[in-house]
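Undergrad: have a look; sequence and predicted model below, questions after that.
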Amino acid sequence: MSEEKKEQSDQSVESSANGEANIETAQREAGAGAKEPAEPQQASAEAAKEAAPPQPAEKAEAAEPAAAKPERKPLTEEEREARRKAAAEARAARAADGPKAAKEGEAGKAEKTAQPEAPKEPSPNQPRLDRAVQILQSEVAEDAVEESSINENNNHLPTLTIKNEHWLKCAEKLLRHPEFGCNYLRNVAGADHETHMEVVYHMVNLTTKHEYCVKVKTDRDQPSVDSVTGLWQTANWNEREIYDLLGIAFPGHPDLRRIMMPDDWVGHPLRKDYVPLDSEV
């Protein structure tokens, strides 16, 4: 009996020792398993820390005391005098360069002006104007045409200024000569130029579409221009209007009287020296 009890006690001691050994082994394994996941976390944290840009050492800079600005030394009398002299020389140089630049600019303009301009192209109607002057001078009178020009602003319109005493004969040529043939008097107008009066005629050849402008000057004190109503009937009322408003007489007109103002009206409203009798009118 005593031997059996001894064996049982030895077995119980061995089993308890084995149990403690098993517990220690289990604890070591559990500790090792718990430590393993921390290694990747620690590695990722270190990698993120390396990838992050370095932070400026603001605190360190702020802690450093600001460098003191160097003190400006006062100028001596010699330095001030040198600076005043330099400024005066600079002003004198600028003043001298001004007239020089102006002279150079004027010289450049003079060179441009001295360069000959390209010759102006003649008007396409210049030959027709020259031919008109030639016809009137040869068939009416040598001094029949006072002036001749091309009105470029009005489609290069040939323009003639006819002497008053030759106007009626020139008008007949302008109507009946085959190179003129101005069978339509488009418009007649009067003008007061203060030094003289003037009547302006615009006529056209309806077949060739050639147009002419003819001007006739007259004295301002006793203005008078021969009527062309006998050649162009459209001149009738135009001449009456010019007589009414400007006081230009048209000898040969069949019915020269006022056409706009009353018959008893005093003066001619479109003259530059017209003074109304009634200031309220």
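TA: In hand now; what should we look at?
Undergrad: what kind of secondary structure is K215 in?
TA: strand (DSSP: H, G, I helix; E, B strand; the rest coil).
Undergrad: quick one, strands of the stretch 51-200 of the chain?
TA: 145-151, 157-162, 184-192, 197-204 (DSSP state E, counting those that start in this stretch).
Undergrad: can you lay out the ones you listed as JSON lines showing mean neighbour count and distance to R128?
TA: Using the backbone N, CA and C atoms, a C-beta is placed for each residue, glycine as well. Formatted as JSON lines, those follow (neighbours: other C-beta atoms under 10 Å; distance: least, C-beta to C-beta, whole Å):
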{"stretch": "strand 145-151", "mean neighbour count": "15", "distance to R128": "10"}
{"stretch": "strand 157-162", "mean neighbour count": "20", "distance to R128": "6"}
{"stretch": "strand 184-192", "mean neighbour count": "18", "distance to R128": "17"}
{"stretch": "strand 197-204", "mean neighbour count": "21", "distance to R128": "13"}
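Undergrad: nearest to C213, of the ones you listed?
TA: Closest approach to C213 among those (C-beta to C-beta): strand 157-162, 4.4 Å.
Undergrad: that closest one vs strand 145-151, what angle?
TA: When axes from the mean of the first three to the mean of the last three C-alpha atoms, to 10 degrees is applied, the directions of strand 157-162 and strand 145-151 differ by 170 degrees.
Undergrad: partner strands of strand 157-162 and their direction?
TA: strand 145-151 (antiparallel), strand 211-218 (parallel) (DSSP bridges).
Undergrad: so for E50, what pLDDT did the model give?
TA: On pLDDT, E50 comes in at 55.
Undergrad: do the one 5 residues further on as well
TA: For Q55, the model assigns a pLDDT of 54.
Undergrad: what's the answer for T208, then?
TA: According to the model, T208 scores 96 on pLDDT.
Undergrad: so which helix or strand takes in the residue nearest to M261 when sequence neighbours are not counted?
TA: Closest residue to M261 apart from its sequence neighbours, by C-beta to C-beta, 6 or more residues apart in numbering: D244 at 5.6 Å. D244 belongs to helix 235-246 when assigned by DSSP states H and E.
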